[in-house]
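# Sequence and predicted structure below; questions after.
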Amino acid sequence: MKKKSPEQKPKNNRSKKNNDKRLNSLEENEEDEIEDDYNPKLDPNQIISFDYYLDIALDLKHIDLVFLIDSTASMNCYSKDVNKAILKIIFDLEKNITKFFLEEINIIKVGIVTYRDHEDEERTYLTNVEIDLTNDLKEIKNVINNINYSGGKDEAEAVLDGLNSVLTDISWREKSTKFLVHILDSPCHGKKFNNLESDKTEHCPKNLNAEEILDTMRKKGIQYFIIKINDTIDMMIQEFRKNIDIEVLKPEITMDKNKILKQD
């Protein structure tokens with residue numbers, strides 16, 4: 001993608017000033033709400049380099065940010081830091097858009113999708129849209145704080161099903177700049193994606209095709225980020241990169257030993 005040309009920058013200073021005032025008000029409210037959970041000023045570094053991704057976006061009007069989260073039991077011990085990372089990413093994105101001339105009120109919308117594993121489909125769910133695209137930060141915080149981590153059974157999870165749900169069940173806006181942040185500690189099923197002894201499958205149990213899903217993501221212009229919690233997903237990332245660009249993120253995600261759950 002090409003960088004925005006200088007003529008795409010705003011020239012209406014009064015509109016820019018009024019827009020900045022509106023955005024600053026949103027930031028103050030957001031910062032107050034986020035600081036109920038953590039202080040973003042303690043970590044000024046962005047998890048995602050939004051300066052770069054927003055600067056190269058052409059005709060920037062809307063931003064859709066979706067989080068895809070592995071909600072199996074093994075993720076429960078990371079949930080506190082995962083929630084902090086989600087809030088910080090939203091906070092950083094809101095801060096960065098003040099550099100651009102944006103007319104619409106609903107600039108940023110956030111959605112959250114979770115997934116488990118195929119054995120969980122009848123007991124709980126395989127994939128779940130926790131919340132479709134919204135700009136209601138209070139509701140987003142409520143959703144992430146109440147995600148129930150359970151199930152999973154073997155180590156490999158329904159990653160492809162989660163990605164497919166992101167494509168088919170989220171109301172992406174047609175001309176939006178699209179970001180997907182994937183948070184997980186286990187790879188998808190299939191021997192070319194992992195070397196886990198517990199995964200006896202050759203491919204996704206639902207016969208989803210990784211290449212087709214990733215190709216569709218790429219064609220839709222979705223910028224794909226993975227928050228890497230451990231090294232078990234390395235093979236999967238390497239294989240995925242044959243079809244789509246991935247930026248691997250490594251915020252501080254620590255294990256809370258008091259919240260360790262067994263996969264069932």
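Great, that's in hand.

# Quick check: closest non-adjacent residue to Leu167.
Spatial nearest neighbour of Leu167, chain neighbours left out: Thr216 (5.8 Å); criterion: C-beta to C-beta, 6 or more residues apart in numbering. From N, CA and C alone the C-beta is placed, and that goes for glycine too.

# Name the spans of the stretch 1-150 of the chain whose pLDDT lies under the cut-off.
Low-confidence segments of the stretch 1-150 of the chain, defined by pLDDT under 70: 1-42, 58, 100-106.

# returning to what we had before: against His189, how distant is the residue nearest to Leu167?
Distance check for Thr216 against His189: by C-beta to C-beta, to the nearest Å, it reads 19 Å.

# do the same with Lys250
Counting by C-beta to C-beta, the separation of Lys250 from His189 is 25 Å.

# In terms of neighbours, single out the busier of Thr216 and His189.
Shown here are Thr216 and His189; by other C-beta atoms under 10 Å, His189 has more neighbours (27 against 16).

# what's the average pLDDT for whichever strand or helix holds the residue nearest to Leu167?
Using DSSP states H and E, Thr216 maps to helix 210-219. Mean per-residue pLDDT for helix 210-219: 98.

# So which bits of that helix are buried?
The neighbour-count check on helix 210-219 (16 or more other C-beta atoms under 10 Å) flags 210, 213-214, 216-217 as buried.

# try stretch 118-134
Residues 118-121, 126-131, 133-134 are the ones in stretch 118-134 that count as buried (16+ other C-beta under 10 Å).

# helices and strands around the helix holding Thr216, which ones?
Using 3 or more C-beta pairs under 8 Å, 6 or more residues apart in numbering; DSSP states H and E, the elements in contact with helix 210-219 are helix 159-169, helix 234-240.

# For it, give me every contacting residue.
Residues from elsewhere that reach helix 210-219, judged by C-beta atoms under 8 Å, 6 or more residues apart in numbering: 160, 163-164, 166-167, 180, 188, 190, 193, 204, 224, 239-240, 242-245.

# roughly how far out does that helix sit from the chain middle?
16 Å (C-alpha atoms, centre = their mean, to the nearest Å).

# Using CSV, list the CA coordinates for it.
As requested, the backbone C-alpha atoms of helix 210-219 are provided in CSV (Å, rounded to 0.1, in the frame of the first residue of the first chain):
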residue,chain,number,x,y,z
ALA,A,210,-6.5,-22.8,5.8
GLU,A,211,-5.3,-21.5,2.5
GLU,A,212,-8.8,-20.4,1.4
ILE,A,213,-9.6,-18.7,4.7
LEU,A,214,-6.3,-16.8,4.8
ASP,A,215,-6.6,-15.9,1.1
THR,A,216,-10.1,-14.5,1.8
MET,A,217,-8.7,-12.5,4.8
ARG,A,218,-6.0,-11.1,2.6
LYS,A,219,-8.4,-10.1,-0.2
